[in-house]
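S.K.: missing the sequence, but the structure's below:
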């Protein structure tokens, strides 16, 4: 069982923009990278064909607050916490900081991912309850467990 | 004076992912593209050196709700509306739909952009009140003007 | 039958880098976008499931020479010409210029795309001869037909 | 003095495309990431303002041959070798392989980077001879030194 995971990722040149900082769209990519690393650490993959049952986790909501710019070659620490679970969705929170100053947040975001599978008849994705294997492995972070702090 | 703007953008192959749909990070890029086209339509550029006074508009918050997938070669309509103005920020809302079914939203997002300039002494960005030229040209959309709908 | 195609694409903010110009990796994306628009203009799609027979066109080689920088909001004209056809590959050439100065090249590149289909038994991609429908619709550009200019 | 450098980079979900493999444009980004890591290992940065003299290294040519697809979560090994130096340019070669099968190339590419500085009068980039500090630190790889193998 796990409720948090941390990755580090160095900002690449192609991720900067003409303002001289990392383009904001990459924060969303980094969140997803942390989410996938978290699932991988539990023995899961986000690739549908590789899980049993074959499920996927499309985003239904994703947001980010930006506090400070991140620059080329900065090593960004992304700390994932499981904020909330519902029957069919998981909400992840992400705290971004530079590796050298982990207590000073540069951004904070969240993803709500819905559990889906492919409908055999229509071939379309349909929302399903989170399978037991995922539900048992992924738990809400203690910091997020009180009613007032859940989102 | 303007409060809305619409662009169309065809989904490129490099913007898809292995789930067979447009990667969600591109919705944030498309929002920004609509924002910049809106500013350009008013005679402004987001490039700091090209405006007088030289201001920039970094994002302080950006979020998106995803309702339906968008696929390769789909032409996406992005409709920007000015949702709110404060002394130092502008909040834009974005309704995403496919060109052929403009009334069926595929996603809805928003950006809060802060007006900044470069501090002469420190070289750092600092938040400033929106200059009169921008404030006069950009107005809150009538749909967003009632207290209950503002965010 | 067709041997050339031209698209225009405005450089987006997220495509710039901290050097203040469009990141070079986007030239490769723009080449592919022109290739796909060319195929679409002929009634084809690069999406395997949508063609009959179901073929794909992965790149086996792609290169680009860069002459001048391209900047944010520049409208780039990408002119595709079919440089060469072999039994199993098509070579496309791409001339990049700014819309306002179409005779002054900013970059020139090429893609060699191989025709593939999915092997029924192994599920792997395998190279196949270009189907007649494609071969008849796509012809080598007259400028490229002489032995000395082919590559 | 150094003539080679190796990095590893895991393929992220946002770098895949609907063909289920890493989009080819990312190979060019990975080459650049290896080049920058090589320069950083020598105490240099590609960020102009951080070097003395302040130089930049824009690409004048970049190409890649693709042999096998790379998939989501694959760890790609990128091995850089200095293939050639001229007065004003450096040519880097890049061998791509999966971490677990380093002897089986999945792609091979090269970048020709030109040394430039900003002209004080015009503000434009201009090509200059490679400064001594770079020239002394970066040497052509022995494998590339024979006349027949240089490109």
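M.R.: Looks like it came in fine. Everything numeric in this text was worked out from a predicted model, so none of it was measured. Residues are numbered from 1 along each chain as shown, chains lettered A, B, ... in the order given.
S.K.: secondary structure element holding the residue minimising distance to the centre of chain A?
M.R.: Among the residues of chain A, the one closest to the centroid is residue A:35, at 3.5 Å (CA atoms, centre = their mean). Element membership for residue A:35 (DSSP states H and E) is helix A:25-41.
S.K.: picking up where we left off before, any idea how far residue B:62 is from the residue nearest to the centre of chain A?
M.R.: 18 Å (CB to CB, to the nearest Å). Any C-beta I mention is one placed from the backbone N, CA and C, and that applies to glycine too.
S.K.: pull out the buried positions in the helix holding residue A:35.
M.R.: By 16 or more other CB atoms under 10 Å in any protein chain shown, the buried positions in helix A:25-41 come out as A:25-39.
S.K.: same deal with stretch A:68-88?
M.R.: Neighbour counts over stretch A:68-88 (16+ other CB under 10 Å) mark A:69-70, A:72-74, A:76-85 as buried.
S.K.: so how far is it from its chain's centroid?
M.R.: 7 Å (CA atoms, centre = their mean, to the nearest Å).
S.K.: same check, this time on stretch A:110-129
M.R.: Remark: stretch A:110-129 is offset 17 Å from the chain centroid, using CA atoms, centre = their mean.
S.K.: and what of stretch A:28-47?
M.R.: 7 Å.
S.K.: related to what we said a few turns ago, need the nearest residue in space to the residue nearest to the centre of chain A, chain neighbours excluded.
M.R.: residue A:92 (5.7 Å; CB to CB, 6 or more residues apart in numbering or on different chains).
S.K.: quick one, what contacts the one you found?
M.R.: By CB atoms under 8 Å, 6 or more residues apart in numbering or on different chains, the contact list for residue A:92 reads A:31, A:34, A:35, A:38, A:80, A:81, A:82, A:83, A:110, A:111, A:113.
S.K.: Throw these into CSV and include pLDDT, thanks.
M.R.: Putting those into CSV (pLDDT from 0 to 100) gives the following:
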residue, pLDDT
A:31, 98
A:34, 98
A:35, 97
A:38, 97
A:80, 98
A:81, 98
A:82, 98
A:83, 98
A:110, 98
A:111, 98
A:113, 98
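S.K.: which one of the residues in chain A is closest to chain B?
M.R.: Relative to chain B, the nearest point of chain A is residue A:63 (3.2 Å; CB to the nearest CB).
S.K.: SS state for that residue?
M.R.: Three-state assignment for residue A:63 (DSSP: H, G, I helix; E, B strand; the rest coil): strand.
S.K.: so which residues on chain A come close to chain C?
M.R.: Residues of chain A lying close to chain C (CB under 8 Å from any CB of the partner chain) are A:13, A:14, A:16, A:17, A:18, A:19, A:20, A:21, A:23, A:25, A:72.
S.K.: which among these count as buried?
M.R.: Members of these classed as buried by 16+ other CB under 10 Å are A:13, A:14, A:16, A:17, A:18, A:19, A:21, A:23, A:25, A:72.
S.K.: close enough to count as contact, residue A:78 and residue A:32?
M.R.: No: if you go by CB atoms under 8 Å, residue A:78 and residue A:32 don't touch, sitting 10.0 Å apart.
S.K.: who's in contact with the one helix or strand residue A:60 maps to?
M.R.: Assessed by DSSP H and E, residue A:60 sits inside strand A:59-66. Contact with strand A:59-66 is made by A:24, A:27-28, A:31-32, A:89, A:94, A:106-114, B:24, B:58-66, as judged by CB under 8 Å, 6+ apart.
S.K.: pLDDT of that strand, averaged?
M.R.: For strand A:59-66, the per-residue pLDDT values average out at 98.
S.K.: show the subsequent helix or strand relative to it.
M.R.: strand A:75-85.
S.K.: got the angle for whatever helix or strand comes next after that next one vs strand A:59-66?
M.R.: Scanning forward in sequence from strand A:75-85 by DSSP H and E, the next helix or strand is strand A:89-98. Inter-element angle recorded for strand A:89-98 and strand A:59-66: 20 degrees (by axes from the mean of the first three to the mean of the last three CA atoms, to 10 degrees).
S.K.: between strand A:75-85 and strand A:89-98, find me the angle.
M.R.: Using the same axes, to 10 degrees: strand A:89-98 against strand A:75-85 is 160 degrees.
S.K.: from the chain's centroid, how far away is strand A:89-98?
M.R.: 6 Å.
S.K.: residue A:39 contacts residue A:46, correct?
M.R.: Yes: using CB under 8 Å, residue A:39 is in contact with residue A:46, at 5.8 Å.
S.K.: who touches both of those two?
M.R.: Common contacts of residue A:39 and residue A:46 (CB under 8 Å, 6+ apart): residue A:57.
S.K.: spatially nearest residue to residue A:84, not counting backbone neighbours?
M.R.: Nearest in space to residue A:84, with sequence neighbours left out and distances taken as CB to CB, 6+ apart, is residue A:91 at 4.0 Å.
S.K.: near chain B, which residues of chain A show up?
M.R.: Within chain A, the positions near chain B by CB under 8 Å from any CB are A:18-19, A:24-26, A:28-29, A:32, A:47-48, A:56, A:58-66, A:69, A:125.
S.K.: who's in contact with residue A:93?
M.R.: Residue A:93 makes contacts with A:80, A:81, A:82, A:83, A:108, A:109, A:110, A:141, A:144, A:151, as judged by CB under 8 Å, 6+ apart.
S.K.: want to throw the residues you listed into JSON lines with distance to residue D:134?
M.R.: Below are the contacts of residue A:93 laid out as JSON lines (distance: CB to CB, whole Å):
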{"residue": "A:80", "distance to residue D:134": "40"}
{"residue": "A:81", "distance to residue D:134": "44"}
{"residue": "A:82", "distance to residue D:134": "47"}
{"residue": "A:83", "distance to residue D:134": "48"}
{"residue": "A:108", "distance to residue D:134": "40"}
{"residue": "A:109", "distance to residue D:134": "39"}
{"residue": "A:110", "distance to residue D:134": "44"}
{"residue": "A:141", "distance to residue D:134": "48"}
{"residue": "A:144", "distance to residue D:134": "50"}
{"residue": "A:151", "distance to residue D:134": "50"}
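S.K.: list just the nearest of those residues to chain C.
M.R.: residue A:109 (17.4 Å).
S.K.: what strand or helix carries that closest one?
M.R.: Assigned by DSSP H and E, residue A:109 belongs to strand A:101-114.
S.K.: next one: residue A:7
M.R.: strand A:4-10.
S.K.: what's the nearest residue to residue A:15 if we skip its chain neighbours?
M.R.: residue A:26 (4.7 Å).
S.K.: that neighbour and residue A:16 touch, don't they?
M.R.: No: using CB under 8 Å, residue A:26 is not in contact with residue A:16, being 9.0 Å away.
S.K.: residue contacts, residue A:67?
M.R.: A:105, A:106, A:107, A:108.
S.K.: so what's the closest residue to residue A:46 other than its chain neighbours scoring on pLDDT?
M.R.: Distances taken as CB to CB, 6+ apart put residue A:36 closest to residue A:46, at 5.2 Å, once the chain neighbours are dropped. Model confidence at residue A:36, given as pLDDT, is 96.
S.K.: any idea how far residue D:11 is from residue A:36?
M.R.: Noted for residue A:36: a distance of 11 Å to residue D:11, by CB to CB.
S.K.: what's the overlap in contacts for these two?
M.R.: Taking CB under 8 Å, 6+ apart as the contact rule, residue A:36 and residue D:11 both touch residue D:73.
S.K.: next, the residue of chain A positioned farthest from its centre: phi, psi?
M.R.: Each residue of chain A has a distance to the centre, and by CA atoms, centre = their mean the biggest one is for residue A:121: 30.4 Å. The phi/psi pair for residue A:121 (degrees, to the nearest 10) reads phi -80, psi -50.
S.K.: what are the buried residues along stretch A:139-146?
M.R.: A:140, A:141, A:144.
S.K.: any idea how far apart the tips of stretch A:130-144 sit?
M.R.: With CA to CA, to the nearest Å as the measure, stretch A:130-144 spans 19 Å from end to end.
S.K.: need the contact partners of that stretch.
M.R.: If you take CB under 8 Å, 6+ apart as the criterion, stretch A:130-144 is touched by A:1-4, A:42-44, A:53, A:55, A:81-85, A:87-90, A:93, A:115, A:149-150.
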